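S.K.: Sequence and predicted model, in that order:
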Amino acid sequence: TTRLVFQAIRRARPLRLYVVSDGARSEHFGESEVVDSVRRYIETNIDWPCTLYKKYSDVNAGCMASVTAGISWFFENEELGIILEDDCLPSQSFFLFCDELLKKYINDTRIGQISGYNYIANTYNIKESYLYATSGSIWGWATWGRVARGFNPMDSYLVSKEAISKIQEFGATSDEIKHIVKSINTVITGDVDTWDYSWSAYMRINKYLTIIPCKNMIRNIGFGPNATHTKISNSYSIPSCDEIEFPLIHPLHVTANHAYKTVLINEIKKISGHKKCMQRIKYKIKQIVSKILTTMQKAISWQMSNSI
């Protein structure tokens, strides 16, 4: 996946490239060689005018520590930038989209991030090139140092009463709040190794809006058995990766699009309902198979006892 994402970056030809690479997991045989191979591939395939900055780790710090340390390091050196993880494949217009809006909103403290991912781009249409939302995906995104420098994924304040009150004021539903609190607590206790739950809460607490494009410009290609979190493919990975048209048409007013959120929540509920339905079916199948095996074992035992 890293090579595909790098090829997209290669076509965009950035003047500066920051690469963060976590160390191999000691319990995974052969992973050290894979990590070294990926690093060498990037270093030897920069064939355009570009300054490469590297942050390589000899040990495996894990997803949360590695990504957050990388973001902090990046914004120690830059005021704005695009962030791509190794499984987020962008279209080429994603880079131009982020570049234009990073500059446009650099001093607008109402905006916290620019997302390249729009799951409902094909079902929720707008006339403008983008909209503003109270939350957004980090599958291909961009932000500013003024936003990122205050972020700490392990900050217990994120689930404090004051923080929850601010999240609620920003329009979060009761179900969203329950999910946020539950998710961040799993991060703080170390049960889940990720950073994006905390980032989502941090954005809402500070009332930062996210820019969502009218086209989906990111495809997550990291679903599979070797993935850290997205081991099972689902409909979130399906949307096509499209190009957005230029010049961009900007919204007239900087306000959250609540209709977009309503449609998105309904789509997520459909996915959740389908997932629960499949889980019930799998459970029923397991029960039936278990009963059949038990009956067969009893029959075999009866035949053996009668043949002795």
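M.R.: Looks like it arrived, so ask away. Residues are numbered from 1 along each chain as shown.
S.K.: now residue 134: how far from residue 166?
M.R.: 12 Å (C-beta to C-beta, to the nearest Å). (Glycine included, C-beta is placed from N, CA and C.)
S.K.: now do residue 244
M.R.: 32 Å.
S.K.: Who has more neighbours out of these two?
M.R.: Ranked by neighbour count (other C-beta atoms under 10 Å), residue 244 and residue 166 place residue 244 first, with 20 against 16.
S.K.: show me what contacts that one?
M.R.: 91, 93-94, 97, 129, 213-215, 217 (C-beta atoms under 8 Å, 6 or more residues apart in numbering).
S.K.: Tell me the pLDDT of it.
M.R.: With respect to pLDDT, residue 244 scores 98.
S.K.: related to what we said a few turns ago, among the contacts of residue 244, which two are most distant?
M.R.: 91 and 129 (13.8 Å; C-beta to C-beta).
S.K.: ok so, going back, which residues do residue 134 and residue 166 both contact?
M.R.: residue 204.
S.K.: who touches stretch 95-106?
M.R.: Here stretch 95-106 has contacts from 12, 14, 79-82, 111, 114, 116, 129-130, 142, 144, 211, 213, 217, 244, 246, 248, 250, using C-beta under 8 Å, 6+ apart.
S.K.: Please pick the buried ones from these.
M.R.: 12, 14, 80-82, 111, 114, 116, 129-130, 142, 144, 211, 213, 217, 244, 248 (16 or more other C-beta atoms under 10 Å).
S.K.: out of those, which are inside helices?
M.R.: Using DSSP state H, the subset of these located in helices is residue 12.
S.K.: who's in contact with residue 258?
M.R.: residue 171.
S.K.: where's it relative to residue 103, distance?
M.R.: 28 Å.
S.K.: quick one on the thing from earlier: any chance of the contacts of residue 244 in CSV with distance to residue 200 as columns?
M.R.: Shown next, in CSV, are the contacts of residue 244 (distance: C-beta to C-beta, whole Å):
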residue, distance to residue 200
91, 24
93, 25
94, 21
97, 21
129, 24
213, 18
214, 22
215, 23
217, 20
